[in-house]
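Engineer: Below: sequence and its predicted model.
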Amino acid sequence: MKSKQFVSFVCVATEIRCQEKSKGGLAYEVILADPVTVTPPKRPSSPSNKNVSVENIEEKLKAAEERRLAPTEQTMDPPFHLTITLPLHISNLEANRMAQLAVKMSKIEEASKKKDDQAHQFISQTREALEQKMETHEEKREAYISDLKAKLKDHLETVEKTRQSLEAQTEEVRTAVEEKLKTAAAQRDENIKKMLDRLKEHEENVKRVRSTMQEKVTQLESQIQNKLTLAQTRRKNLEQEQLEKLREHNVVKLAEVRHIIEGMDSFKTEKTTKELQERLEIAELNREKELQKKLEKIQEKERRAEMVRQNKERLATQNEEQQTASSG
């Protein structure tokens with residue numbers, strides 16, 4: 001709400017410096033005051049800061065009231081008067097005019113006082129309203145600050161509880177991890193020990209199996225060699241027996257043939273003798289063929305025995321290589 005501007009009149013001693021008389025009346029100059037050469041003070045610019053406190057408002061109101069009351073006090077200190085120095089020959093008309101002027105000035109002064117009273121009342125009401133608003137604002141600000149403090153306190157308590165919970169969980173996790181690491185280390189050591197024991201046992205088994213296989217191979221070699229020797233000896237014996245049987249048979253047959261030939265009648269012709277001789281030769285060839293077949297069968301048996309021996313040696317070597325690879 002804008003305040004009304006009041007006009008205050010200052011009454012000072014006047015001076016008539018020149019006057020002129022004429023038929024229609026009196027003309028004169030009234031000097032109210034000397035001309036002022038001092039420039040009026042500049043109005044202060046409104047502050048740019050919008051954060052105005054109650055103390056600043058009160059100081060500004062007091063300063064405005066002092067500025068407003070200063071001209072009024074100057075006018076009120078001396079009683080209102082208008083000193084006009086006139087010659088004695090002024091007419092009644094001029095006196096009436098001056099009286100009317102004085103009445104008007106008194107009315108103006110009364111109106112000014114009334115306006116001053118209204119301004120004082122308005123200022124007091126405005127001040128009370130501002131103070132009430134500032135108190136309400138202060139109460140709201142304090143309530144807001146207290147509410148904010150309570151919320152911050154709750155938030156800090158929640159943060160503290162969360163921090164403590166996190167620390168407890170972190171400690172639990174750290175303890176669990178340490179226990180797991182210890183258990184894993186113990187388990188790893190135990191596994192390594194078991195693996196070393198198994199490796200040692202495996203090496204011992206490999207050595208034992210290798211020695212056993214070596215003994216078996218040696219025994220097989222000796223057995224095969226003995227069998228080969230026996231087979232060769234048996235083959236030679238069979239060959240010798242067959243040769244002896246063949247010789248004995250041939251000798252018997254030849255003796256029989258000779259006896260037959262000798263006991264035959266002399267009347268047999270040479271043709272019969274030739275036939276008998278051819279038969280004997282054929283029989284001899286057949287016996288030789290049978291003997292050759294028997295020798296081939298014996299050789300075939302020896303060849304098969306040799307193949308069996310070689311297969312056994314190959315199998316024994318493969319088993320030994322597999323066991324060595326599995327142990328490595």
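Structural biologist: Perfect, I can see it now. Treat the numbers as computed from the prediction; the structure is a model and nothing was measured.
Engineer: what is the mean pLDDT for the helix or strand containing residue 215?
Structural biologist: Remark: residue 215 resides in helix 92-263, with elements defined by DSSP states H and E. Averaging pLDDT along helix 92-263 gives 84.
Engineer: Next, the angle helix 92-263 makes with whatever helix or strand comes next after it.
Structural biologist: Proceeding N to C from helix 92-263, the next assigned helix or strand is helix 270-327, under DSSP H and E. Angle of helix 270-327 versus helix 92-263, following axes from the mean of the first three to the mean of the last three CA atoms, to 10 degrees, is 160 degrees.
Engineer: I'd like to know which elements helix 270-327 is packed against.
Structural biologist: helix 92-263 (3 or more CB pairs under 8 Å, 6 or more residues apart in numbering; DSSP states H and E). All C-beta spots, glycine's among them, are computed from the backbone N, C-alpha and C.
Engineer: what's the helix it packs on packed up against?
Structural biologist: Right, helix 92-263 is packed against helix 54-76, helix 270-327 by 3+ CB pairs under 8 Å, 6+ apart.
Engineer: Centre of the chain to it, how far?
Structural biologist: How far helix 92-263 lies from its chain's middle: 12 Å, per CA atoms, centre = their mean, to the nearest Å.
Engineer: for stretch 287-303, same thing?
Structural biologist: Per CA atoms, centre = their mean, the centroid offset for stretch 287-303 relative to its chain is 90 Å.
Engineer: and it, average pLDDT?
Structural biologist: So the average pLDDT for stretch 287-303 ends up being 81.
Engineer: Now it - C-alpha only, PDB.
Structural biologist: Extracted C-alpha coordinates of stretch 287-303, given in PDB (Å, rounded to 0.1, in the frame of the first residue of the first chain):
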ATOM      1  CA  ARG A 287      58.500-143.800 -48.900                       C
ATOM      2  CA  GLU A 288      60.900-140.800 -49.500                       C
ATOM      3  CA  LYS A 289      57.900-138.600 -50.300                       C
ATOM      4  CA  GLU A 290      56.100-139.700 -47.100                       C
ATOM      5  CA  LEU A 291      59.200-139.000 -45.100                       C
ATOM      6  CA  GLN A 292      59.500-135.600 -46.700                       C
ATOM      7  CA  LYS A 293      55.900-134.800 -45.900                       C
ATOM      8  CA  LYS A 294      56.500-135.800 -42.200                       C
ATOM      9  CA  LEU A 295      59.600-133.600 -42.200                       C
ATOM     10  CA  GLU A 296      57.600-130.700 -43.600                       C
ATOM     11  CA  LYS A 297      54.900-131.200 -40.900                       C
ATOM     12  CA  ILE A 298      57.600-131.100 -38.200                       C
ATOM     13  CA  GLN A 299      59.100-127.900 -39.700                       C
ATOM     14  CA  GLU A 300      55.600-126.400 -39.800                       C
ATOM     15  CA  LYS A 301      55.100-127.200 -36.100                       C
ATOM     16  CA  GLU A 302      58.500-125.600 -35.300                       C
ATOM     17  CA  ARG A 303      57.600-122.600 -37.400                       C
END
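Engineer: Mean pLDDT lowest where, among the helices and strands packed on helix 92-263?
Structural biologist: Averaging pLDDT over each of those puts helix 54-76 lowest, since it has a mean of 70.
Engineer: Let me have the helices and strands packed on helix 92-263 in JSON lines, adding mean neighbour count as columns.
Structural biologist: Putting the helices and strands packed on helix 92-263 into JSON lines (neighbours: other CB atoms under 10 Å) gives the following:
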{"stretch": "helix 54-76", "mean neighbour count": "13"}
{"stretch": "helix 270-327", "mean neighbour count": "12"}
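Engineer: Turn those helices into CSV, columns for distance to residue 102.
Structural biologist: Shown next, in CSV, are the helices and strands packed on helix 92-263 (distance: least, CB to CB, whole Å):
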stretch, distance to residue 102
helix 54-76, 15
helix 270-327, 144
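Engineer: which stretch among those helices comes nearest residue 154?
Structural biologist: Smallest distance to residue 154 across the helices and strands packed on helix 92-263 (CB to CB): 32.1 Å, for helix 54-76.
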